Structure formats: structure tokens, C-alpha cells
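> Pasted the sequence and its predicted model underneath.
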Amino acid sequence: MSRSPHIEGVAALTICEALLLALNDHGVLPEDEILGVLRDAAAAHEQPPTKNDPELHKAVADLIRAIIAGGNSVRRP
């Protein structure tokens with residue numbers, strides 16, 4: 001069976017999103033803290049510890065910022 005090389009990344013993103021939603025639903029983390037986690041993750045890619053693959057890091061940061069701006073993919077109106 002042939003798989004796209006990006007399946008693991010899409011699966012990881014979906015699982016993380018579901019976990020963040022569950023943490024909010026159960027009162028473990030408020031929404032502002034979840035947004036802080038996402039902002040921290042984006043910032044980590046804006047200032048990566050190495051100069052390896054800067055286009056990848058910029059794309060990751062841009063994607064995280066788009067997720068913040070667009071809300072979650074599960075509960076959009």
C-alpha cells in the first residue's frame with residue numbers, strides 16, 4: 001500500500017488539535033492558555049535553534065498562525 005509521506009504529520013496535527021480541544025472542554029486549560037501554547041510553538045519556528053531548512057520553519061510558523069486565526073477544524077460554524 002502506497003502512502004503519502006505527509007500522512008504522519010497530518011495525523012499528528014489532528015491528534016494534537018483534538019487533545020487541545022479536550023483539555024479546554026474539560027476545564028484543564030482555558031482558551032487563552034491554549035492560544036499561548038500555539039503562539040509559543042509558532043515562535044519556536046520563527047527563531048529556530050539552527051539555520052537548517054529555514055523555509056520549513058517559516059512554513060510551520062505560518063501554518064500555526066493560520067490555525068490560530070482560523071479556529072479549529074472540528075468546530076467551525
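Perfect, thanks for sending it.
> Now the phi/psi pair for Pro30, please.
Backbone geometry at Pro30, expressed as degrees, to the nearest 10, gives phi -70, psi 160.
> That one and Leu20, how far apart?
Note on Pro30: its distance to Leu20, by CB to CB, to the nearest Å, is 11 Å. For glycine as for every other residue, the C-beta is placed from the backbone atoms N, C-alpha and C.
> For those two, indicate the residue with more neighbours.
The residue with more neighbours, out of Pro30 and Leu20, is Leu20; 20 against 11, by other CB atoms under 10 Å.
> show me what contacts the more buried one?
By CB atoms under 8 Å, 6 or more residues apart in numbering, the contact list for Leu20 reads Leu29, Ile34, Val37, Leu38, Asn72.
> And the residues you listed, which of them are buried?
Leu29, Ile34, Leu38 (16 or more other CB atoms under 10 Å).
> And these, which is closest to Leu13?
Using CB to CB, Leu38 comes nearest to Leu13 of the buried ones among the contacts of Leu20, at 11.6 Å.
> ok, the closest one touching Gly70?
No. Assessed by CB atoms under 8 Å, Leu38 is found out of contact with Gly70, at 11.5 Å.
> Tell me the spacing between Cys16 and Ala66.
Per CB to CB, Cys16 is found 15 Å from Ala66.
> Please disregard the earlier target; I meant Pro30.
Following CB to CB, the distance that separates Pro30 from Ala66 is 22 Å.
> mind listing what's buried in the helix ranked longest in the chain?
Determined from DSSP state H, the single longest helix within the chain is helix 7-25. By 16+ other CB under 10 Å, the buried positions in helix 7-25 come out as Leu20.
> Quick one: low-confidence residue ranges for the chain.
1-2, 72-77 (pLDDT under 70).
> Just the helices from it, written as ranges.
Going by DSSP H, the chain shows helices at 7-25, 31-46, 54-70.
> Identify all contacting residues around the last one.
Outside helix 54-70, the residues that touch it by CB under 8 Å, 6+ apart are Glu17, Leu35, Leu38, Arg39, Ala41, Ala42, Ala43, His45, Glu46, Pro48, Arg76.
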